[in-house]
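Trainee: How does the following fold in three dimensions:
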Amino acid sequence: MRMPGNSHSETQLGKIKNSIREQIQSGIYKEGQKIPSERELSELFATTRITLKDALISLETEGLIYREDRRGWFVSPERIRYNPLSRSHFHQMIRDQNRIAETRLINTRSEMAAGEYAKALKVESITPVHVIERLRYIDGRVVLFVENVLKASLFPEILSHDLKMSLTDIYKKNYGYETQRSRFDVIPTSAPAHVAKALNLSEGQPVLKICRVNYKQDGELMDCEFEYWRPDSVMIHIDSRG
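Mentor: Numbering: from 1, shown residues only. This is a model prediction of the structure:
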């Protein structure tokens, strides 16, 4: 049985969502535009900040808006279609959708595989790995934090290469490796602190995490990557034709 107060709150929530959605769809708020602050919107709709925040989070879940820590809420651009089965690298995928891609190298380090890395790489003994952390942008907006974890024994001197470039191309040109097959885990989760900071999120905000494990021509597992996407920026589009 619904309480009257709950019913009223849900009605108000729906009105706020519909109003903001219609303003986005009609072009009053344009892609990338900052919308009014939560305080301004709560006054405009004569509602509480709690109800207003619930409406904004719901619209964020739909992919219509996104938030940046300490900056506010913005209208989301059209989502990128991401086919994990495709052999296209990130920059090619973005170019094919008439968007502009950029990659920035954040950090590299060498360590022993442990925890999540060891599990993904299926290692049962001490295994040195290289970890490459990069940020990826679409049309100037940071949308993706990537950790590539490589078995060090398979990739001597790789950290001396230009790691802003496609690792797929580096693997092929410098090591003769091509990805024969991959496996994926797609997990909606919350952003760890280091990911949230990189993506201008608040710690704990939702992200779409994709763990990809890659095998080279001879079937040997060679690397894995952990992708953390802003969830409003991407849709998973499976097409077995690549």
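
Trainee: Which residue ranges of the protein form helices?
Mentor: Per DSSP state H, the chain carries helices over the ranges 4-25, 38-44, 49-62, 90-96, 115-121, 167-170, 193-198.

Trainee: How far off centre is the second one?
Mentor: Remark: helix 38-44 is offset 29 Å from the chain centroid, using CA atoms, centre = their mean, to the nearest Å.

Trainee: returning to what we had before: as a markdown table, the helices of the chain with mean pLDDT and distance to N214 would be great.
Mentor: (C-beta placed from N, C-alpha, C; glycine too.) Formatted as a markdown table, those follow (pLDDT from 0 to 100; distance: least, CB to CB, whole Å):
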| stretch | mean pLDDT | distance to N214 |
| --- | --- | --- |
| helix 4-25 | 77 | 38 |
| helix 38-44 | 93 | 42 |
| helix 49-62 | 91 | 31 |
| helix 90-96 | 93 | 14 |
| helix 115-121 | 95 | 10 |
| helix 167-170 | 93 | 9 |
| helix 193-198 | 94 | 21 |
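
Trainee: With mean neighbour count as extra columns, can I get the ones you listed in JSON lines?
Mentor: Below are those laid out as JSON lines (neighbours: other CB atoms under 10 Å):
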{"stretch": "helix 4-25", "mean neighbour count": "14"}
{"stretch": "helix 38-44", "mean neighbour count": "14"}
{"stretch": "helix 49-62", "mean neighbour count": "17"}
{"stretch": "helix 90-96", "mean neighbour count": "16"}
{"stretch": "helix 115-121", "mean neighbour count": "15"}
{"stretch": "helix 167-170", "mean neighbour count": "17"}
{"stretch": "helix 193-198", "mean neighbour count": "17"}
